[in-house]
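Novice: Sequence plus the predicted model coming up.
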Amino acid sequence: MLFVLATVALVYLPGLVLNLILGLRGWLLVGSAPVGTLGIVALGAPLAPALGMRWALPFLLGWSAFCWAVAGVVAAIAHRRGYSLGAPLPTWSRLSSLVILACASVAGFIGAYTIAGGTHGLRTMPQSFDGLFHAAAVRRIAQAGDSGVMALGWIGKPDKPGGSFYPNAYHNLMAPLLPVSDGQIALVLNASILVISAVILPLGAVAAIRAFGGAAGWAAGAALVSTSFTAFPYLLWIWGALLPYALGVALVLPMTGLFVLWLSSGRDQLGLLVAVGAIGLNGVHSAMAFVMVLVCGCYLVHRLIGDPRSWIRRDLPRLVVLGVLVVLGALPYLLGALGEAGAVSGALWPTVTTPSRALGDALLLSTETRWPQWLLAGFVLVGGISLLRNRDHRWLAAVYGVFVFLFVAAAGVDRHWAKMLVIPWYTDRSRLMSLVVLPAILLAGWGIRVLAHWLAPYLRPGLLKLRLRPQWAVATSLIVAGSLLSVGYLGNTEAYALPNAELMRPAYGNAIMSPQRQQARAALTSMVRPGERVMNDVVDGTMWIYPLTGVELVIANYYVQGDRMELLQDFNQLTVNPKSSAKIRHYNVRYVIQDRDEFTHIGHNVGVTYPPGMRELDRTPGLIQRFHNDEMTIWEIDWTKLAPCQGLPGCDGQQQPGTPARPQAESGR
C-alpha cells in the first residue's frame, strides 16, 4: 500500500505544482496533474544524457523544480500585465463535489479491486512480450541511468549501433521507483497499472468534464462507470501489458479538457500547459499524436462551424504557435517515430470478423468478452442520442463515431484503405477499442444524468411531503435518482469487476515467480560478475531474469536476430565450432541457464521444445553444472574448452583463459 501511495505521489506531484502555479484549481488541478508530470518527464529525459547526468529521482526532482520556476516566471509576467490566471468555469457546490468524490472513490475501489484480483495481489508478472519489454526497459533505465530516446534499443535491437528509438516517458517515470521498491519490478509495473486504472482514469474524466463546463451530475456519472469498461483498461493489461499506450490513453481525457479550456477561455497561459502535455503524450507513445489530432480535430470543426470568423482570427494563430512549441519540445520523439515508421507498418494484425459483428462489438462493448456489457452500452446509447441535441458538447458524439469507425475498420474490413487508416495502432483492434471507451465514458455519464433528470420528478412529490423547500426538493430528488441508478447499476453488474479480473488472471500466472525459479535466479545472481552475460533461450522463462535481477542475458527479447539467433542454433557446439566459440567470446558469455517449462508471449506451458543449439546441454562438453532444481538448471562455461576461433569477428585479440574457479553454488535438489 505504501508503495502504491509513493507511485501516486510521483505521478501527480510534479504536474500538480505546475498546474497550481499556472492557475488551475479544484478538480481540474488534480485530474490533469499526470499530464503535466509526463510533460516534465518527456522534456527532461533527453536532456539528462546530453548533460552527462544520470536519470534518477534527484535529477527528476531537480528538473521539476526548474520547470516550476519557469512556470512561475510566466505566471508573474501574466499577472503584471493584468491577465487572470484563473479559468472561468461554472461553480460546483460543495455538495456536488462531495457526490463526485464519492463516485470517484467507488470507481477507484472497483479499479483497485479488479487489478488486485487480476494480478494476484500485485506480485505477479504479466507473462507477455510487451510486459517483458517494459519491465526490462524500467530495469535498464534504473540500472544504467540512461534516459535517452535511443536507450531501449539494447532490449529490442541489441546489435544495432547507436541504439533504437522507443518512446520512453513511461519507463523514465517508473524507473526512479525501482530502488524504492527494493528492486521488485513486478510491484513497480503493477502499481502503475493500478494507478492508471483506479486513479488517473476516474479523476481524468472528472477533469475533462470540468474543463468542458459540464454539470456536476455528468462528472459524477462518468466517474462512477469509468473503471468498469472491459476494453479499457483491462483488455490492454492482458494483450501486452501495453503499459505506455494505456497510460497515454488514460491521459487523453484530461489533455482534451485542457485543450478545450485553453481555446474556449482565451487564457493563453493555459497554452503552456497544453504544449507541455502534448509533448508528454508524444513521449509516452507515438500513437497519441494521432489520437489527439482526431479528438481535437472534432472540437476544432465544431468551433469552425459555430463561428468561422472567430476561428480564423483567434483560434488559428494560437494553434500555429502551439504547434511550433510542441514540435520543438517533442522533436526527439517525433524524429524517432519517423525513423521507426517502417517497422510499425510491417507489424500489422489481421482482420478477425465481419464489419457488422465488429460494429456490434463496439456498440455493445463486447469485444473479447463472453457477454455484452448491456447496462453500460445502454447508458452510452442514451447519452449519445441526448448529447446530439446539445449544441455545446455534441462534438463528443462525433469523437465516439470516429473511434467506432476506426475499430470496425481494424477488426472487420480486410481492405488496403482500412489498414492504412489504422496503421498507427498496428491495425490492432484492442488498441482501437480502448479509444472507443474514452468518449463512451463521457456519453455514459451523460446518459446517467439524463435518466436521473427523467426519474427525479417522480420522486419530488414524496420529498415535498417531508416539508423540504422546493429548491432543496429538486436537488435532493436528483441525488436520490442518481443514487438509485448507481445502486441499481452496481447491484446488477458489480461494475463488471469479477469478469474483468478473471479476464486478466491467465496473463498474470504465478509460475514465473515460483519459489524454485526465484531460488535459481538468486543463485545465478551470486555467480555472475559485472560485464558478464548469460546464455538463455527464447522459449522458456529465462528472459525474465534481466527484469527481475539485472543480470544481463544474450536473449533479452522475443524478437531474436543475427548472431544471437545463430547461437540458438549452434551454442552446444562451443567446443568444436569456431563460429559458436567466437560469438560466446564476443558477448562474454560465462553461464547458460535453462527453464523446464515454456513461457511464450501468450502464456505458460509445462514442458518445452528447445532450439537445436540448446538441446542436451547436460551432455555438452565445456559446460559445468553449477545449480539444478526441478525447474531450472545453470551451467558454467569452461572457456579453456572453447574451440579456437582466431581470425573470426569478435575473436581476434580476445582469446581469454578460463575464468578463475568459483565456489560451487548450492544445489537445489
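Specialist: Here it is on my side, so go on.

Novice: The longest helix anywhere in the chain: how far from the chain's middle?
Specialist: Assignment by DSSP state H gives helix 429-464 as the longest helix of the chain. Chain-centre distance of helix 429-464: 27 Å, with CA atoms, centre = their mean, to the nearest Å.

Novice: what does stretch 322-332 give?
Specialist: The chain centroid and the centroid of stretch 322-332 are separated by 22 Å under CA atoms, centre = their mean.

Novice: which residues make contact with it from outside it?
Specialist: 42-43, 46, 149, 271, 274-276, 278-279, 282-283, 334 (CB atoms under 8 Å, 6 or more residues apart in numbering). All C-beta atoms are positioned from the backbone trio N, CA, C, and that covers glycine.

Novice: Pick out the most distant pair among these.
Specialist: Farthest apart among the contacts of stretch 322-332 by CB to CB are Val149 and Gly271. That separation is 24.9 Å.

Novice: Between these two, point out the one with more neighbours.
Specialist: Shown here are Val149 and Gly271; by other CB atoms under 10 Å, Val149 has more neighbours (24 against 19).

Novice: before we move on, back to that, among the contacts of stretch 322-332, name the ones in helices.
Specialist: Short answer: the contacts of stretch 322-332 in helices (DSSP H) are 42-43, 271, 274-276, 278-279, 282-283, 334.

Novice: And what about Val352, helix, strand or coil?
Specialist: At Val352 the chain is in coil, as set by DSSP: H, G, I helix; E, B strand; the rest coil.

Novice: dump the residue contacts of it.
Specialist: Counting by CB under 8 Å, 6+ apart, Val352 touches 411-412, 429.

Novice: Throw the contacts of stretch 322-332 into CSV and include distance to Gly401, thanks.
Specialist: Output for those, formatted as CSV (distance: CB to CB, whole Å):
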residue, distance to Gly401
Ala42, 31
Leu43, 34
Pro46, 37
Val149, 35
Gly271, 28
Val274, 25
Ala275, 28
Val276, 30
Ala278, 24
Ile279, 29
Asn282, 25
Gly283, 29
Leu334, 28
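
Novice: Can I get the residues you listed in TSV including pLDDT and distance to Ala169?
Specialist: Shown next, in TSV, are the contacts of stretch 322-332 (pLDDT from 0 to 100; distance: CB to CB, whole Å):
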residue	pLDDT	distance to Ala169
Ala42	97	4
Leu43	97	9
Pro46	95	10
Val149	91	10
Gly271	91	21
Val274	96	17
Ala275	96	15
Val276	97	12
Ala278	97	12
Ile279	97	9
Asn282	96	8
Gly283	96	3
Leu334	93	13
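
Novice: and which of the residues you listed is nearest to Leu524?
Specialist: Val149 (31.2 Å).

Novice: my guess is the closest one meets Gly336, correct?
Specialist: Yes. At 5.0 Å, Val149 counts as touching Gly336 under the criterion of CB atoms under 8 Å.

Novice: Please name the nearest non-neighbouring residue to Tyr333.
Specialist: What sits nearest to Tyr333 in space, not counting adjacent residues and going by CB to CB, 6 or more residues apart in numbering, is Asn282, at 4.5 Å.

Novice: got the contact list for Ile238?
Specialist: Counting by CB under 8 Å, 6+ apart, Ile238 touches 126, 128, 503-504, 506-507.

Novice: Just the buried subset of these, please.
Specialist: Buried by 16 or more other CB atoms under 10 Å: 126, 128, 503-504, 507, out of the contacts of Ile238.

Novice: which pair in those residues spans the largest distance?
Specialist: Greatest spacing in the buried ones among the contacts of Ile238, by CB to CB: Ser128 and Leu503 (13.7 Å).

Novice: Below-threshold pLDDT in the stretch 151-300 of the chain: ranges please.
Specialist: 156, 160-162 (pLDDT under 70).

Novice: my bad, should have said the stretch 351-500 of the chain
Specialist: Residues of the stretch 351-500 of the chain that meet the criterion pLDDT under 70 lie in 460, 462-473.

Novice: so Ile593 makes contact with Trp544?
Specialist: No. If you go by CB under 8 Å, Ile593 and Trp544 don't touch, sitting 11.2 Å apart.

Novice: Pull up the overlap in contacts between these two.
Specialist: Counting by CB under 8 Å, 6+ apart, Ile593 and Trp544 have no shared contacts at all.

Novice: ok, now which ones touch Leu152?
Specialist: 137, 140, 163-164, 166, 168, 171.

Novice: Can you tell me which of those has the most neighbours?
Specialist: Taking other CB under 10 Å as the neighbour criterion, Asn168 ranks highest of the contacts of Leu152 with 32 neighbours.

Novice: average model confidence for stretch 112-131?
Specialist: Here stretch 112-131 scores 85 as its mean pLDDT.

Novice: how far out from the middle of the chain is it?
Specialist: Stretch 112-131 sits 14 Å away from the centroid of its parent chain (CA atoms, centre = their mean).

Novice: Strands of the chain, residue ranges please.
Specialist: Assigned by DSSP state E, the strands in the chain fall at 533-535, 589-595, 598-600, 603-605, 623-628, 632-637.
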